[in-house]
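Undergrad: predicted model follows, preceded by the sequence.
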Amino acid sequence: MEKDVEEKLVRVSQSLIKMLELIFEGFRTLKDKSIREAEDVKEEVRRHNTELTHFLILKGSPHERGKEWAKPFLSMASHFDRMAYHMEGMIGRLKGMVQDHLLFSDRAIKEVNDVFQEAMDLLESLPDLILTQNKLLGQHIGEQVRSILKIANGYAEEHEERLIQGVCMPKSAPIYLGLLESLKAIIIHTLEVSGKIVSLTKT
């Protein structure tokens, strides 16, 4: 992978990591300040991803590398964009929690924290993968993704059971499930980017 492409991919992934970290902090503290900071980083993510997309379109022009060369990279930019979209949705849910004074049970907090941490770990591995294109790291990401998606799906099913039993508050349920769904989507898009990077590796 060419150095200028690597640098731009790393820049977008690092801004996404920063945004997810701030969202995680916002979830843990439920303070307006953390949530606002995450929202501010959203613009940085958009800017970096727009720059990446324009750069790839230009570099993939017939006079440069060509359309086929640009396709996998543009696919990565699209997955980055969708990660940002899901993160924006999470910010909206956190704002709802603060405005409506909604609280999760200790168990629900632990479950969302677990999935958040796994999503963070996966996302944080992307810059390394971009720079090293290490197939073993890509394989490890795939294994982690399968494991955490299974756990997250189990959490959602158990939550629905608790809801039926009257243990969980119906008002909090859509936010809890929405956060889990967004985190799962971020994890899946991380896997997609990882797969594209590995597929570009010659050895």
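TA: Looks like it came in fine.
Undergrad: residue 97 against residue 30, yeah?
TA: Yes - under the contact definition of C-beta atoms under 8 Å, residue 97 touches residue 30, with a separation of 6.0 Å. C-beta here means a position set from N, CA and C on the backbone, and glycine is covered the same way.
Undergrad: now residue 122: closest residue in space that isn't a chain neighbour?
TA: Spatially, and ignoring its direct neighbours in sequence, residue 122 is nearest to residue 190 (4.7 Å; C-beta to C-beta, 6 or more residues apart in numbering).
Undergrad: tell me the pLDDT of residue 203.
TA: At residue 203, the predicted lDDT confidence score is 45.
Undergrad: please apply the same query to residue 33.
TA: With respect to pLDDT, residue 33 scores 87.
Undergrad: circling back: how close does the residue nearest to residue 122 get to residue 41?
TA: Look at residue 190 and residue 41: by C-beta to C-beta, to the nearest Å, they are 18 Å apart.
Undergrad: which one of those two has more residues nearby?
TA: More crowded of residue 190 and residue 41, by other C-beta atoms under 10 Å: residue 190, with 26 against 21.
Undergrad: show me what the helix or strand hosting that one is packed against.
TA: Secondary structure here is read from DSSP states H and E; on that basis residue 190 sits in helix 173-199. Using 3 or more C-beta pairs under 8 Å, 6 or more residues apart in numbering; DSSP states H and E as the contact criterion, the secondary-structure elements in contact with helix 173-199 are helix 3-29, helix 67-99, helix 106-132, helix 135-164.
Undergrad: any chance of the ones you listed in JSON lines, plus distance to residue 51 and mean neighbour count?
TA: Output for these, formatted as JSON lines (distance: least, C-beta to C-beta, whole Å; neighbours: other C-beta atoms under 10 Å):
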{"stretch": "helix 3-29", "distance to residue 51": "7", "mean neighbour count": "20"}
{"stretch": "helix 67-99", "distance to residue 51": "10", "mean neighbour count": "18"}
{"stretch": "helix 106-132", "distance to residue 51": "16", "mean neighbour count": "18"}
{"stretch": "helix 135-164", "distance to residue 51": "25", "mean neighbour count": "15"}
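Undergrad: now distance to residue 184 and mean pLDDT too, for the ones you listed, in TSV please.
TA: Formatted as TSV, the helices and strands packed on helix 173-199 follow (distance: least, C-beta to C-beta, whole Å; pLDDT from 0 to 100):
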stretch	distance to residue 184	mean pLDDT
helix 3-29	13	93
helix 67-99	9	92
helix 106-132	8	93
helix 135-164	5	89
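Undergrad: no further questions, thank you.
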